[in-house]
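Student: Give me a model of this one.
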Amino acid sequence: MLDPRQYKNPSIILAVALLLALWVASGPLTRDGPEVPSREAPAPMRVAVVESTAEPVERLLTLQGEVEPDQVVTVRAETAGRVVEIPVASSEAVRAGQVIARLAMDDREARLRRAEAAVKGRETDYRGAQQLAREGLQAQLRVESALAELEAARADLEAVRLEIAQTRISAPIAGILDRRRAEVGDYVAVGGAVAEVVENNPLRAVVQVPQHRIHQVRPGGSARVAFLDGTLREGQIHYISVRAETATRTFRVEIRVPNPDRTLPSGISTRVEIPVETVLAHRVSPALVSLDDRGRLGIKTVDDDGRVAFHVIEPMRADVEGLWVTGLPERARVITVGQGFVNAGDPVRVTPAAVEAETSP
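Tutor: Numbering: from 1, shown residues only. The predicted structure is shown next:
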């Protein structure tokens, strides 16, 4: 029978502990344990794309401006008098030479008769002096003096006739009588304003072109002028200033816009679009535009290898159907659904946008 004290022998205890440690360590190597699952790559993200092909589009220089009339003339009296008639109403069209006001004749008719009588008397004196000179009864000097008096009388007569003609105040140009500066009963002095005539055909759309864009504008070039009521008219560039404004460093440019019926007013704001070149561009929805990590605007597409590509774009112009941009390939598969969940270089599974729309709840 073993002595219980031998179990307390340090050598035996150490040997048992060593055997136990070896058994525990050898367990995972000798026994079948549970399999550790392997890490598989996630499936590529599914995105919807639409095929887009670039189209020729005009690059536009768009500027805000104002519309000026072709001519504005203030009609002034050339002789003094009281206004007795204004046969044309405000806002009425007038022809060049049409009477728009009349002044009182006062004593002009009497002065006319006196001047006519003076001319007749001087003509008689002149003929008598010629007859006496031929008969040798009067010197040639008297003939010349009588002729001078006759010419002076004729000049007085013409002055009175001109003054009478000036009592009929006429429109110097065709246009619209925009404002009446004098009314019936008013007294106007020489040079006093009577009315204002405005010619709105053609109109002049005036814009200020920045100095770094002026090289893109050419005389005779076409331009589109958009009015506030939605009217769009084609015009032609007919004036470009050769000197920039000192304060703004911009150049005055005028576009002539036909307005034969004079229905378009002047003095209003307008938008002018000047085509400067034709480029290939894509029309996309503004919702597809995103920013990269450098803050640049761009569109995400799927390349031929099935990976996402980010293209930096330049917006050209917008219309009711979308945004025209450059920077994409001529043919591109633009990501329309899922672009917010993928980055450049990511592999993706492509679904046409039409299929995605049909399968979406």
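Student: domain assignment for this protein?
Tutor: Taking automatic domain parsing as the criterion, the chain consists of the domains 46-56+279-359, 62-70+200-277, 77-103+167-199, 105-165.
Student: can I get those in TSV with mean neighbour count?
Tutor: For the C-beta atoms, the positions are set from N, CA and C on the backbone; glycine is no exception. Below are the domains of the chain laid out as TSV (neighbours: other CB atoms under 10 Å):
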stretch	mean neighbour count
domain 46-56+279-359	15
domain 62-70+200-277	16
domain 77-103+167-199	17
domain 105-165	15
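Student: Can you lay out those domains as CSV showing mean pLDDT?
Tutor: Putting the domains of the chain into CSV (pLDDT from 0 to 100) gives the following:
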stretch, mean pLDDT
domain 46-56+279-359, 89
domain 62-70+200-277, 94
domain 77-103+167-199, 94
domain 105-165, 89
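Student: All the helices of this structure, in order from the start?
Tutor: For the chain, helices defined by DSSP state H occupy the ranges 10-30, 108-134, 140-165, 353-359.
Student: which residues does V350 contact?
Tutor: Residues in contact with V350 (CB atoms under 8 Å, 6 or more residues apart in numbering) are 46-49, 302, 306, 333.
Student: do that again at 10 Å, thanks
Tutor: 44, 46-49, 302, 306, 333, 335 (CB atoms under 10 Å, 6 or more residues apart in numbering).
Student: And K300, by the same measure?
Tutor: 47, 49, 288-290, 292, 308-311, 333-336, 338-340, 342-344, 346, 348.
Student: How about the contacts made by the residue nearest to P275 when sequence neighbours are not counted?
Tutor: Distances taken as CB to CB, 6 or more residues apart in numbering place E58 nearest to P275, at 4.3 Å, with adjacent residues excluded. Residues near E58 by CB under 10 Å, 6+ apart: 224, 273-279, 281, 316-317, 324.
Student: Which one of those residues is nearest to A54?
Tutor: A281 (6.0 Å; CB to CB).
Student: just checking, that closest one touches L323?
Tutor: Yes - using CB atoms under 10 Å, A281 makes contact with L323 at a distance of 9.5 Å.
Student: and for those two, which residues touch both?
Tutor: Common neighbours of A281 and L323 (CB under 10 Å, 6+ apart) are 313, 315-317.
Student: Just give the closest residue to D70, not the sequence neighbours.
Tutor: Using CB to CB, 6+ apart, the closest residue to D70 is E199 (4.9 Å).
Student: My guess is the one you found contacts L177. True?
Tutor: No - between E199 and L177 there is no contact, the gap being 11.1 Å when judged by CB under 10 Å.
Student: F227 is in contact with G65, correct?
Tutor: No - between G65 and F227 there is no contact under CB under 10 Å: 11.3 Å.
Student: show me where the stretch 151-300 of the chain has strands.
Tutor: 168-170, 175-180, 187-188, 193-199, 203-210, 222-226, 232-240, 250-257, 269-284, 290-291, 297-302 (DSSP state E, counting those that start in this stretch).
Student: Of those, which is nearest T53?
Tutor: strand 269-284 (7.7 Å).
Student: Need the pLDDT of Y7.
Tutor: Each residue has a pLDDT score; the one for Y7 is 45.
Student: what's Y126 in contact with, if anything?
Tutor: Y126 touches 142-151, 153, counting by CB under 10 Å, 6+ apart.
Student: how about 8 Å then?
Tutor: 143, 146-147, 149-150.
Student: Ok, S285 next?
Tutor: By CB under 8 Å, 6+ apart, the neighbours of S285 are 322-323, 336.
Student: let's see it at 6 Å
Tutor: G322 (CB atoms under 6 Å, 6 or more residues apart in numbering).
Student: so how far is S90 from it?
Tutor: Distance of S285 to S90, computed by CB to CB, to the nearest Å: 51 Å.
Student: Tell me who's in contact with the spatially most central residue of the chain.
Tutor: Centroid check for the chain by CA atoms, centre = their mean gives V272 as the closest residue, at 1.9 Å. By CB under 6 Å, 6+ apart, the contact set of V272 is 63, 65, 205, 207, 223, 225.
Student: hang on, the earlier thing: tell me the one of the shared contacts of A281 and L323 nearest E78?
Tutor: Checking the shared contacts of A281 and L323 one by one against E78 (CB to CB), the nearest turns out to be R317, at 53.0 Å.
Student: I'd say that closest one and W324 touch.
Tutor: Yes - under the criterion of CB atoms under 6 Å, R317 makes contact with W324 at 5.4 Å.
Student: Would you list the phi and psi of R294?
Tutor: The phi/psi pair for R294 (degrees, to the nearest 10) reads phi -100, psi 10.
Student: ok, what's across the strand from the residue nearest to the centre of the chain?
Tutor: L63, V225 (DSSP bridges).
Student: ok, now V350?
Tutor: V47.
Student: Next one: it from F310, what distance?
Tutor: In terms of CB to CB, V350 sits 16 Å off from F310.
Student: What of R76?
Tutor: 68 Å.
Student: E245 too?
Tutor: 41 Å.
Student: Let me see the contact set for A226.
Tutor: Contacts of A226 (CB under 6 Å, 6+ apart): 232, 271.
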